[in-house]
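# Got a sequence here, can you build the structure:
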Amino acid sequence: MATKALADPIKAQDVLAKLSGSFPMDEAVVEGNSFASVSHFGTSAWTVTGKVLAKTREGTDAAYFLKIAYGEHGGVMLKGEFESAKIIYGLMPGLIPQPFGYGRYKTSNPVAYFYLSEFIDMDITPAPDPVEFTTQLAALHKRSGSPNGRFGFHVVTCDGKMPHTVDWQDSWATFLGRLLQGVCKLDN
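Here you go, the predicted model:
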């Protein structure tokens, strides 16, 4: 899966300007839950971020973090984030917010994708102890493994808006070389 050229990403701010600052919510995000409210939360150059309050099917209150990105590029960014988060959370619950979903908005002008996870207010949650955090990162890497004995990932991941070359390789050196070559190509 070589990283294919993606259309230029659509800036979230450009979409928000057309919405007069309203939060772009869609029924696809809260399927199965009763939507209560949504508000802007945090900032991002390439996504719209917010806090969603809802009631679960069981009737309990729930808070979610919602990230929205636009166009094909936005779908690639958020799918990579969701797939990565599922694996990390599966190996080390509590290290990151629990991922709940990824999908496409039912509305399509413009095409929008979402990533939904557990809401954690980073403004009031203290930073982790550096020693404890690095110990957890080491444990994550020890627990993780390749599903096929090769180096890579099953979907494209991104660093912000920049896609990574993560197709499967037989050796770590080849994988790293292709990843770095992909980064260098983005610099041109």
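
# From Trp46, how far out is Ala69?
6 Å (CB to CB, to the nearest Å). Where C-beta positions appear, they are placed from N, C-alpha and C, glycine not excepted.

# The two: who's more crowded?
Each of Ala69 and Trp46 has its neighbours counted (other CB atoms under 10 Å); Ala69 has more, 28 against 19.

# Contact partners for the spatially closest residue to that one that is not a sequence neighbour?
Once flanking residues are discounted, Ala69 sits nearest to Thr47: 4.7 Å by CB to CB, 6 or more residues apart in numbering. Taking CB atoms under 8 Å, 6 or more residues apart in numbering as the criterion, Thr47 is in contact with Ala12, Lys67, Ile68, Ala69, Gly74, Met77, Leu78.

# Now for the spatially most central residue of the chain: which residues touch it?
Nearest to the geometric centre of the chain sits Glu81, at 3.1 Å (CA atoms, centre = their mean). Glu81 is in contact with Lys67, Tyr102, Tyr115, Thr157, Cys158, counting by CB under 8 Å, 6+ apart.

# Measure how far stretch 86-99 is from the centre of its chain, please.
In terms of CA atoms, centre = their mean, to the nearest Å, the centre of stretch 86-99 is set 13 Å apart from its chain centre.

# Contacts for that stretch next, please.
Under CB under 8 Å, 6+ apart, the answer for stretch 86-99 is 65, 82, 85, 115-120, 136, 139-140, 143-144.

# Neighbour-wise, give me the winner out of the residues you listed.
Tyr115 (25 neighbours).

# Can you add distance to Pro24 and pLDDT and give the contacts of stretch 86-99 back as CSV?
Output for the contacts of stretch 86-99, formatted as CSV (distance: CB to CB, whole Å; pLDDT from 0 to 100):
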residue, distance to Pro24, pLDDT
Phe65, 15, 96
Phe82, 18, 98
Ala85, 22, 98
Tyr115, 14, 97
Leu116, 14, 96
Ser117, 18, 97
Glu118, 21, 96
Phe119, 18, 96
Ile120, 22, 92
Gln136, 34, 95
Ala139, 38, 96
Leu140, 33, 96
Arg143, 37, 95
Ser144, 35, 93
